[in-house]
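K.L.:
Quick one: sequence plus predicted model below, questions after.
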Amino acid sequence: MSALRLSPARAVAAAPAPGSPAISVDAVTKVYGPRGNHTFALDRISLEVVPGEFCCLVGASGCGKSTLLNLLAGLDTPAAGTVTVSGRTSLMFQESALFPWLSVRGNVNLALRLAGVPKAERDDRASELLRMVRLKGFGGKRPHELSGGMRQRVALARAIAQNASILLMDEPFGALDAITRDLLHDELERVWEETGLTVVFVTHNVREAVRLGDRVLVLSSRPGRVVDEFGVDIPRPRRLDDAEVSHLSGTITDRLRQEVRRHGA
Amino acid sequence: MALEMLGGSTSLPQGTQDPPVRTEREAEIAGLDALDVPIAPARGPLARAWEGLWPKLTAIGLFFFGWQAVVWAHLKPEYVLPGPITVLKALWHGMADTGPAGSHVLLHATATTLQRAAIGYSLSVVIGVVLGLVVSRSKILRAGVGSMITGLQTMPTIAWLPLAVLLFKLSETAITFVVVMGAAPAIANGVISGVDHIPPVLLRAGRVLGARGLNAYRHVILPAAFPGLVAGLKQGWAFAWRSLMAGELIVIIAHKPSLGVRLQNARDFSDAPGLMAAMLAILIIGIVIDSLFFGVLERGIKRRWGLGK
């Protein structure tokens, strides 16, 4: 699996100098709506993510999580402030967003092709990626023939195929059943460890954030801002029902509720 | 216990020796996958073909029976309204006979007509697809030209004919013009609605994958709009075929036997079986192209995309 890791040459070229962050968001503001009647999706938000970190963002509705990911992915531009991203990003959604006209292998192949991987190497790379997400025998299937969890694994393989060093995830497991989600947490953690990717993971689910993250950032809603930050020192591999995970989740949930109450007052 | 073995370690597994925890998880995942994969009922291609065929055959049988019943009722004399057997005989003679009335009259007519259909329709596809793609992706063109295309589509083809004759005389160009005016707007509309119905998340995924400009059209927009495109092509074919018949009835070119000319001649000579044989040929061609070409295309899309059964 070592071939999947970014080669040192590429890491030097794409990754920042040692010590500098992979992602740096500095006083970024994003507004929606017409002039005079606009709302702040993000208001002078600042955060940093170091290379190889698994960073989770939690927040209630309207905290601008998706807006932030769009900015990081370069799909949108901020109204004010700067977004600095060192390396290529790829983005995963709650829906797998696989192309229904392509097979599983075709989806991964297209990502490789658009990332500029030469034709001769694509098939081998695609096989390797499918093996990585344990879908070796499913390359010929169509997305609709797979379960939701399998589709998200294909989406993960496709995201990694883009040769990105930063993986942005927008509630990728939000639509899955509990058993599948639990297993996919294990899988994502394993893939993250194998590839050394920097991950920014957005979720509603505090426990999920604690289960996966090195760090959990709490966002406020309308306007979105980072209001608190929790380092997660619980040793890996963790389980969703670990006592320490539960305990920290409780603390973070209390903090989130406090934020939500502000809007009811 | 086994879970603790990997605890806190961020070193990369080298893959040669999987710890037991890996195989256990692998089994869990494989088990879940097996449970989750929908079990598709396996049916052979013959069974599927028969399933589509028998309702069609039954309908055709009923149609001929109804026709014969009307003839039996003697509402009209037989030389005006012949029965199906007489007409099928006339069809057979026109297609296969080298009798004194001229060799393969209907066959030659059909060939000319199909050739015109192919030319006119191909041109319509090119114009319609390009127009549709351009219009659907630009807000300004969309607002300006979009409703005009729909307007053109509702305009009866026959209304274009006098202008076509004025512009191009009684020529092939006049016929092609009418076919294109009939079919291209329908195809363009199909493309526009196909693009409109692309789920936004697929367009977003395309952008994330780095498909921009022509790559976006080639790898995302065009394939994603394909079901709508096929619907437009199908409707475009129906319009093309209708427009062509209207064109051939009016734009009659000397020494060019066509199905339209057959209809006209048969009426002039009160040759009811010949007239209805030409009509039958028109109907059969329409059905065959619709069910063989477009039917197969649509079923393929449904199967590949997982839409319906």
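P.N.:
Received it, and whenever you're ready, just let me know what you need.

K.L.:
How about the stretch 51-200 of chain B: which residue is closest to chain A?
P.N.:
With CB to the nearest CB as the measure, residue B:199 is the residue of the stretch 51-200 of chain B nearest to chain A, at 8.1 Å. For glycine as for every other residue, the C-beta is placed from the backbone atoms N, C-alpha and C.

K.L.:
May I have the phi/psi pair for that residue?
P.N.:
Residue B:199 adopts backbone torsions of phi -60, psi 130, taken as degrees, to the nearest 10.

K.L.:
For it, give its distance to residue B:259.
P.N.:
43 Å (CB to CB, to the nearest Å).

K.L.:
can you tell me the helix or strand for the residue of the stretch 151-300 of chain B found nearest chain A?
P.N.:
Proximity of the stretch 151-300 of chain B to chain A (CB to the nearest CB) peaks at residue B:205, 3.8 Å away. For residue B:205, the host element (DSSP states H and E) is helix B:200-208.

K.L.:
count of neighbours near the nearest residue in space to residue B:161 that is not next to it in sequence?
P.N.:
Distance criterion CB to CB, 6 or more residues apart in numbering or on different chains; nearest residue to residue B:161, sequence neighbours excluded, is residue B:250 at 5.3 Å. By other CB atoms under 10 Å in any protein chain shown, 17 other residues sit near residue B:250.

K.L.:
Residue A:243 versus residue B:250, what's the distance?
P.N.:
For residue B:250 relative to residue A:243 (CB to CB), the value is 87 Å.

K.L.:
do the same with residue B:234
P.N.:
Counting by CB to CB, the gap from residue B:234 to residue A:243 is 62 Å.

K.L.:
sec struct for the residue of the stretch 151-265 of chain A found nearest chain B, please.
P.N.:
Of the residues in the stretch 151-265 of chain A, the one nearest chain B is residue A:235, at a distance of 3.9 Å by CB to the nearest CB. Look at residue A:235: counting by DSSP: H, G, I helix; E, B strand; the rest coil, its state is coil.

K.L.:
Quick one, grab the pLDDT at it.
P.N.:
At residue A:235, the model reports a pLDDT of 92.

K.L.:
Next: residue B:52.
P.N.:
pLDDT for residue B:52: 77.

K.L.:
That one - how many residues pack around it?
P.N.:
12.

K.L.:
what do you get for the one 4 residues further on?
P.N.:
Neighbouring residues of residue B:56 were enumerated by other CB under 10 Å; the total is 12.

K.L.:
Then residue B:252?
P.N.:
The number of residues packed near residue B:252 is 15, by other CB under 10 Å.

K.L.:
I'd say it and residue B:262 touch.
P.N.:
No. With contact defined as CB atoms under 8 Å, residue B:252 does not reach residue B:262; the gap is 10.8 Å.

K.L.:
can you give me the helices for the stretch 1-150 of chain B?
P.N.:
B:2-5, B:20-36, B:45-72, B:84-96, B:105-137, B:139-154 (DSSP state H, counting those that start in this stretch).

K.L.:
average pLDDT across the second one?
P.N.:
Spelled out, that is helix B:20-36. Helix B:20-36 comes out at a mean pLDDT of 76.

K.L.:
helices or strands next to it in the packing?
P.N.:
Counting contacts by 3 or more CB pairs under 8 Å, 6 or more residues apart in numbering or on different chains; DSSP states H and E, helix B:20-36 packs against helix A:148-161, helix A:178-195, helix B:2-5.

K.L.:
Let's see it as PDB, backbone CA atoms only.
P.N.:
Extracted in PDB, the C-alpha atoms of helix B:20-36 (Å, rounded to 0.1, in the frame of the first residue of the first chain):
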ATOM      1  CA  PRO B  20      -5.900 -10.700  13.600                       C
ATOM      2  CA  VAL B  21      -7.900  -7.600  14.200                       C
ATOM      3  CA  ARG B  22      -7.600  -6.800  10.500                       C
ATOM      4  CA  THR B  23      -9.000 -10.100   9.400                       C
ATOM      5  CA  GLU B  24     -11.900  -9.900  11.800                       C
ATOM      6  CA  ARG B  25     -12.800  -6.500  10.600                       C
ATOM      7  CA  GLU B  26     -12.400  -7.600   7.000                       C
ATOM      8  CA  ALA B  27     -14.900 -10.400   7.700                       C
ATOM      9  CA  GLU B  28     -17.300  -7.900   9.200                       C
ATOM     10  CA  ILE B  29     -17.100  -5.600   6.300                       C
ATOM     11  CA  ALA B  30     -17.300  -8.400   3.800                       C
ATOM     12  CA  GLY B  31     -20.400  -9.700   5.700                       C
ATOM     13  CA  LEU B  32     -22.100  -6.400   5.700                       C
ATOM     14  CA  ASP B  33     -21.400  -5.900   2.000                       C
ATOM     15  CA  ALA B  34     -22.800  -9.300   1.200                       C
ATOM     16  CA  LEU B  35     -26.000  -8.500   3.200                       C
ATOM     17  CA  ASP B  36     -26.300  -5.100   1.600                       C
END
